[in-house]
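K.L.:
need a structure here:
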Amino acid sequence: MKRSAPALALIASLLLTACGSSTGDRAASGAGIGAGVGAVVGAVTGLSILQGVLLGAAAGGLTGALTDEDVINLGDPIWASDDQPANSSAVARVQAGLAKLGYDPGPIDGVQGAKTTAAIKAYQRDNGLTVDGLASQQLASHMENKIETAQK
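P.N.:
Numbering: from 1, shown residues only. Next comes the predicted model:
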């Protein structure tokens with residue numbers, strides 16, 4: 001049983017590295033989950049806890065970075081939820097969508113400034129959405145769906 005615990009923990013950590021739609025989110029969540037699982041693996045095996053954390057973080061981070069949301073998708077990580085301010089990758093997705101749809105968000109840099117907020121409000125107003133001027137994963141998905149539909 002003691003020999004199978006590390007393998008099971010590694011498999012679980014690799015499967016759970018699927019949080020987020022961007023490579024950065026997936027790598028970060030994978031590294032975090034992998035580090036947590038690695039600590040447990042290190043504690044129950046001959047490895048030290050630190051070695052387990054390092055191996056788990058590396059394995060989880062690489063798996064998260066190398067997988068695709070189409071393969072495994074557990075949704076957005078907690079830091080990218082609608083309850084939290086959008087992270088820079090969500091803001092960049094919104095900015096890119098705004099630019100493709102003819103709104104001027106300013107530079108696509110992942111920073112929500114006055115131009116991005118004004119462009120978001122205009123887009124929300126034009127599309128019958130709640131006008132709050134906030135970038136979110138949900139707004140980015142709305143724009144991406146609109147762009148995809150227009151390309152068909």
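K.L.:
make it CA atoms for all contacts and neighbour counts henceforth
P.N.:
Fine.
K.L.:
which is the next helix or strand following the helix or strand where residue 42 lies?
P.N.:
In the assignment (DSSP states H and E), residue 42 maps to helix 23-44. Next in sequence after helix 23-44, counting helices and strands by DSSP H and E, comes helix 49-66.
K.L.:
my guess is residue 97 meets residue 141, correct?
P.N.:
No. With contact defined as CA atoms under 8 Å, residue 97 does not count as touching residue 141 (9.1 Å).
K.L.:
neighbour-wise, which of the two wins?
P.N.:
residue 97 (24 against 15; other CA atoms under 10 Å).
K.L.:
excluding chain neighbours, what is closest to residue 94?
P.N.:
residue 140 (4.7 Å; CA to CA, 6 or more residues apart in numbering).
K.L.:
in whichever strand or helix holds residue 118, what counts as buried?
P.N.:
Residue 118 belongs to helix 114-126 when assigned by DSSP H and E. Neighbour-count burial for helix 114-126 flags 116, 117, 118, 119, 120, 121, 122, 123, 124 (criterion: 16 or more other CA atoms under 10 Å).
K.L.:
how far away is the residue nearest to residue 121 when sequence neighbours are not counted from residue 66?
P.N.:
Distance criterion CA to CA, 6+ apart; nearest residue to residue 121, sequence neighbours excluded, is residue 133 at 4.7 Å. Distance check for residue 133 against residue 66: by CA to CA, to the nearest Å, it reads 33 Å.
K.L.:
now residue 45
P.N.:
The value you get for residue 45 to residue 66, if CA to CA is used, is 27 Å.
K.L.:
just residue 132 next, same as before
P.N.:
The gap separating residue 132 from residue 66 is 35 Å, by CA to CA.
K.L.:
which ones are touching residue 116?
P.N.:
Contacts of residue 116 were listed using CA atoms under 8 Å, 6 or more residues apart in numbering, and they are 95, 104, 105, 106.
K.L.:
great, nothing more from me.
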